[in-house]
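Visitor: Below are the sequence and a predicted model; questions follow.
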Amino acid sequence: MNINNLITELVNYGIDKGLVDTADIIYVTNRLLELFKLNSYKKEDTHNTRDIHLILNDMLDYAVEKGFIEDTITNRDLFDTKIMGLITPAPSVIRSEFTKRYENSPQDATKFYYDFSRATNYIRNDRIAKDEKWTSDTEFGLMDITINLSKPEKDPRDIAKAAQGINTEKSDYPACLLCHENEGYAGHFSHPARQNHRIIPITLSGESYYMQYSPYVYYNEHCIIFNEKHTPMKIDKACFAKLLDFVRQFPHYTAGSNADLPIVGGSILTHDHFQGGGYEFAMVRAPYETEFTMKEYPGVHAGTIKWPLSTIRLQSENIEELVEASAQILSIWRGYTDEEAFILAETDGTPHNTITPIARKRGDLFEIDLVLRNNITTEEYPLGVYHPHQKYHHIKRENIGLIEVMGLAVLPARLKKEMAALEDAILTGKDLRNDEQTAPHADWAEEWMKKYDNLTADNIHKIVQDEIADVFSHVLEDAGVYKRNDEGRLAFKRFINQFAE
């Protein structure tokens, strides 16, 4: 490997992507020479346009060969981010460009920022391309399914070193993966490097927040909006105001929040944050099933929607009115108990009721979906009564967070191999229970196989995908506090009668 060629190629890539200004070519080159411990350099007469991950892979192989790093996933990720940090412009440059483009249009600003985040390899395009994605029609419309293959498995050597505390900083800086102190942070074995990370400051209802994109985007322009302060998540009136203020400023984006209680909440409850992006989820296409008028807010168009989770949709041209109406529903729900429907506001002082809110702009209307959540557990359902039930754990047993609530399943990587093994076993007539990869799926597969007269190599993959989507819709129904039957609808109406005419 000719390191001179690779440095030239990387600098050319930076120029092409707008990361390196022509005035900075020599400066950036010299910083790369320092990193690779080179005292001289001959610029190669080349202008290669390979993808960034190919350039970086060759640079990493060179670093391994020279003994700069050990050849493990974590070491390679730390080092390639360090490389990219040398050609990534300073935060002030990116913020200035974002602001200038926002004056033209919010879409122009976010497109610039998203393209930039991909160009710097902060969003690792080559890994995300490995995710298996499809859509399938269900009772609730076209659902999005993804098997998450983009997060690499940990190398055993890295796990051992982390466990021993080798090269691992024990500190509260940054306090978590969302804190704004991550911008430019070098990282270590237990914390990803972020030298190529740049964040955009925004103001929501008078409070300081930042916007960034998710490194492992689950959908188009999957962004994270996080509080400047490391403060716990909380669903309250202020949360609704901030979500609606965000879609006011970025009307082409959706914004929502995970709930603020364990089981029904997200993976990070210690740092107040929202998620959004430029994607139309299945939920947005769900029609109203019932409509009602709120006693104190007659100007708000209110109703329930055809969706597996119990959801109240509110619409208005007036943000303040929507915030007040949402806050009233939340306040009532927090303290609401209906023992007949097994809705308990609290047990032994532990609260159970909360809301997953999602805001968007629909034409001239502001819209917010309030998804009712409850995290109570029982001996029969130790993971949660309103959580994926045991019969579906072979497909999905993790919490139903914001992204799933909106209709996009994020399924574990293990399913890729397990479904391939299942398809082969079905086509070859193998006993599904004799293989550890297919045994957990045997009852489920034998149930749906009866529906199909002819399973072939041409149709089996799509059939399995559709059946997985069907499971996902049932998983969402499990998470719904009011079931979609006569008894559930009556119970839902009893709650709505608390604030509706």
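Guide: Ah, there it is.

Visitor: contacts, neighbours, all on C-alpha from now
Guide: OK.

Visitor: Quick check: closest non-adjacent residue to residue 425.
Guide: In space, not counting the residues next to it along the chain, residue 425 is nearest to residue 432; the distance is 6.5 Å by Cα to Cα, 6 or more residues apart in numbering.

Visitor: shouldn't that neighbour be in contact with residue 439?
Guide: Yes: counting by Cα atoms under 8 Å, residue 439 is a contact partner of residue 432 at 5.5 Å.

Visitor: what about those two, which has more around it?
Guide: residue 432 (20 against 17; other Cα atoms under 10 Å).

Visitor: how near is that one to residue 52?
Guide: According to Cα to Cα, to the nearest Å, residue 432 stands 43 Å off from residue 52.

Visitor: ok, now residue 421?
Guide: 34 Å.

Visitor: Common neighbours of residue 432 and residue 439, please.
Guide: Common contacts of residue 432 and residue 439 (Cα atoms under 8 Å, 6 or more residues apart in numbering): none found.

Visitor: Please parse the protein into its domains.
Guide: Per the record, the chain has its domains at 1-68, 233-386+480-496, 411-479, by automatic domain parsing.

Visitor: related to what we said a few turns ago, return the residues in contact with the residue nearest to residue 425.
Guide: Counting by Cα under 8 Å, 6+ apart, residue 432 touches 422, 425, 426, 438, 439, 441, 442.

Visitor: ok, now residue 471?
Guide: Contacts of residue 471 by Cα under 8 Å, 6+ apart are 392, 395.

Visitor: Then residue 55?
Guide: 6, 9, 10.

Visitor: change it to 10 Å
Guide: 5, 6, 7, 9, 10, 13, 48, 49, 80 (Cα atoms under 10 Å, 6 or more residues apart in numbering).

Visitor: What of residue 92?
Guide: With Cα under 10 Å, 6+ apart, residue 92 has these contacts: 98, 198, 199, 200.

Visitor: Residue 413: neighbour count?
Guide: There are 18 residues near residue 413, going by other Cα under 10 Å.

Visitor: Could you measure from it over to residue 349?
Guide: 38 Å.

Visitor: Repeat that for residue 217.
Guide: Counting by Cα to Cα - residue 217 and residue 349 are separated by 38 Å.

Visitor: swap in residue 361?
Guide: Distance from residue 361 to residue 349, counting by Cα to Cα: 38 Å.

Visitor: So between the two, which is more surrounded?
Guide: residue 361 (21 against 7).

Visitor: Provide a list of residues in contact with the most centrally placed residue in the chain.
Guide: The residue lying closest to the centre of the chain (Cα atoms, centre = their mean) is residue 218, at 5.3 Å. Applying Cα under 10 Å, 6+ apart, we find residue 218 in contact with 128, 131, 133, 146, 147, 148, 150, 277, 403, 408, 409, 410.

Visitor: do residue 305 as well
Guide: With Cα under 10 Å, 6+ apart, residue 305 has these contacts: 283-291, 311-313, 369.

Visitor: Which of the residues you listed sits closest to residue 472?
Guide: residue 283 (13.6 Å; Cα to Cα).

Visitor: ok but the closest one is inside a helix, no?
Guide: Yes: counting by DSSP: H, G, I helix; E, B strand; the rest coil, residue 283 is found in a helix.

Visitor: Run a quick neighbour tally on it.
Guide: 24.

Visitor: What's the first helix or strand after the helix or strand bottoming out on mean pLDDT in the chain?
Guide: Here the helix or strand of the chain ranked lowest by mean pLDDT, DSSP states H and E is helix 156-164, holding a mean of 53. Where DSSP states H and E defines the elements, the next helix or strand beyond helix 156-164 is strand 200-204.

Visitor: how about the next helix or strand after that next one: buried residues?
Guide: For strand 200-204, the succeeding helix or strand toward the C-terminus, using DSSP H and E, is strand 207-213. Going by neighbour count (16 or more other Cα atoms under 10 Å), the buried part of strand 207-213 is 209, 210, 211, 212, 213.

Visitor: Those residues into a markdown table, with extra columns for distance to residue 493 and pLDDT?
Guide: Listed next are the buried residues of strand 207-213 as a markdown table, based on distance: Cα to Cα, whole Å; pLDDT from 0 to 100:
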| residue | distance to residue 493 | pLDDT |
| --- | --- | --- |
| 209 | 37 | 98 |
| 210 | 39 | 98 |
| 211 | 38 | 98 |
| 212 | 39 | 98 |
| 213 | 39 | 98 |
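
Visitor: Nearest to residue 343 among those?
Guide: So of the buried residues of strand 207-213, ranked by how close each gets to residue 343 (Cα to Cα), first place is residue 209, at 34.6 Å.

Visitor: on that earlier part again, can you check the pLDDT for the residue nearest to residue 425?
Guide: pLDDT for residue 432: 97.

Visitor: downstream neighbour of the helix or strand that contains residue 29 in the secondary structure list?
Guide: Under the criterion of DSSP H and E, residue 29 resides in helix 25-35. Later in the chain than helix 25-35, the nearest helix or strand by DSSP H and E is helix 52-65.

Visitor: What mean pLDDT does that following helix get?
Guide: Here the average pLDDT along helix 52-65 is 97.

Visitor: Extract the C-alpha set from it and format it as CSV.
Guide: What follows is helix 52-65, C-alpha atoms only, in CSV (Å, rounded to 0.1, in the frame of the first residue of the first chain):
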residue,chain,number,x,y,z
ILE,A,52,-14.8,6.8,1.6
HIS,A,53,-15.0,3.4,3.4
LEU,A,54,-12.7,1.9,0.8
ILE,A,55,-10.1,4.7,1.2
LEU,A,56,-10.3,4.3,5.0
ASN,A,57,-10.1,0.5,4.9
ASP,A,58,-6.8,0.8,3.1
MET,A,59,-5.5,3.4,5.5
LEU,A,60,-6.5,1.2,8.4
ASP,A,61,-4.7,-1.8,6.9
TYR,A,62,-1.6,0.4,6.6
ALA,A,63,-1.9,1.4,10.2
VAL,A,64,-2.2,-2.2,11.3
GLU,A,65,0.8,-3.2,9.2
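
Visitor: need the helices for the stretch 201-350 of the chain, in chain order.
Guide: Ranges of helices in the stretch 201-350 of the chain, per DSSP state H, counting those that start in this stretch, are 237-249, 319-334.

Visitor: Format the CA atom coordinates belonging to the last one as CSV.
Guide: Extracted in CSV, the C-alpha atoms of helix 319-334 (Å, rounded to 0.1, in the frame of the first residue of the first chain):
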residue,chain,number,x,y,z
ILE,A,319,-49.8,25.6,18.4
GLU,A,320,-50.7,27.0,21.8
GLU,A,321,-54.1,25.5,21.7
LEU,A,322,-52.7,22.1,20.7
VAL,A,323,-50.2,22.3,23.6
GLU,A,324,-52.9,23.1,26.1
ALA,A,325,-55.2,20.3,24.8
SER,A,326,-52.3,17.8,24.8
ALA,A,327,-51.3,18.8,28.4
GLN,A,328,-54.9,18.2,29.6
ILE,A,329,-55.0,14.7,28.1
LEU,A,330,-51.7,13.9,29.6
SER,A,331,-52.7,15.2,33.0
ILE,A,332,-55.9,13.1,33.0
TRP,A,333,-54.1,10.0,31.7
ARG,A,334,-51.3,10.2,34.3
